[in-house]
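Trainee: quick one, structure for this:
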Amino acid sequence: MATLIDGHPSDKVSALDRGLAYGDGIYRTVELLNGVPRLWRWQWQRLVEDCARLSLPCPDEALLLAELAAAAQGIERAVAKITLTRGLGQRGYAMPADAVPTRIVTASPWGGYPAERYSDGVTVRRCDLTLSRQPLLAGIKHLNRLENVLARSEWADPSVHEGLLFDEDGGVVEATMSNLFALKDGVLYTPRLDRAGVTGALRAWLIDAVPALGLAMKEGSLAEVELLAADALLLTNSLIGVWPVAAYRHAGGEARWRDFELAHRLNARLAAEA
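Mentor: Sure, this is the predicted structure:
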């Protein structure tokens, strides 16, 4: 793995960095093809918005693109991670008035996921962990991801590929590493992420792509009963693309789906996207 810290080859960050001390920062995971990031328009849009919401200085776009290309040099297909922290700080939560952000870019070879997850669908389960509400952080891909870590630790069964996370009202929010969509009668529904969850770049791309597919798009609350009645369920993130859900294990049993047409159409469209 190649690592650049503030543009220089290194794998060391100060113990005083606020990203380490408080999770004070954001990150993005990006697929690169010959050094060029895929879906960059949506990745950059999300990164800029997340920086603004945390009052975190955003790096220059051209500089970041150059560092991504440098980190992935010689790798045909790479997975890169961009991490931005508020930089060094003294003891205490107060944001430093003169903060100098730390910029970390890593890249390593990326082999993708097994083809059967796209052709045959994936199995998901309901997680026991309940997501907490925090509207000020909702949607942001910040560095505090302990809820996701704890939720993912709930299972070790290799036949389960993802876990769905619900809020205290019983509405589904997302999965541990992906966003969720439910198709019903020609309408694609996705949870509104105004109280919890992460707004993924692939989620944003898919919402923009929906009109060309002849579907309506609605964001709102989704209860488990609505998931069970859906015609299809989809999981999305920038690395997996679109996974069709074949089975959902929950307290009442297991629901199954066999219609993966929309997922296949979206993945075909995604493959042609720069």
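
Trainee: please enumerate the helices of this structure.
Mentor: 18-22, 40-53, 61-71, 116-119, 146-152, 201-209, 224-228, 261-271 (DSSP state H).

Trainee: for G241, give the beta-bridge partners.
Mentor: N237 (DSSP bridges).

Trainee: tally of neighbours for it?
Mentor: 23 (other C-beta atoms under 10 Å). (C-beta placed from N, C-alpha, C; glycine too.)

Trainee: got a markdown table for the helices of the chain, with mean neighbour count too?
Mentor: Shown next, in a markdown table, are these (neighbours: other C-beta atoms under 10 Å):
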| stretch | mean neighbour count |
| --- | --- |
| helix 18-22 | 19 |
| helix 40-53 | 18 |
| helix 61-71 | 17 |
| helix 116-119 | 14 |
| helix 146-152 | 15 |
| helix 201-209 | 21 |
| helix 224-228 | 15 |
| helix 261-271 | 15 |
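
Trainee: and this protein, what are its domains?
Mentor: Taking automatic domain parsing as the criterion, the chain consists of the domains 2-109, 116-271.

Trainee: give me the mean pLDDT for the longest one.
Mentor: Just to be clear, that refers to domain 116-271. In this model, domain 116-271 carries a mean pLDDT of 97.

Trainee: distance from that domain to the middle of the chain?
Mentor: Relative to the centre of its chain, domain 116-271 is centred 11 Å away, using C-alpha atoms, centre = their mean, to the nearest Å.

Trainee: for that domain, measure first residue to last.
Mentor: 17 Å (C-alpha to C-alpha, to the nearest Å).

Trainee: kindly report the same for the shortest one.
Mentor: Counting by C-alpha to C-alpha, the length from the leading to the trailing residue of domain 2-109 is 10 Å.

Trainee: cool, stretch 113-128 as well?
Mentor: 26 Å.

Trainee: just the buried positions in that stretch, please.
Mentor: Residues R117, Y118, G121, V122, T123, V124, R125, R126, C127 are the ones in stretch 113-128 that count as buried (16 or more other C-beta atoms under 10 Å).
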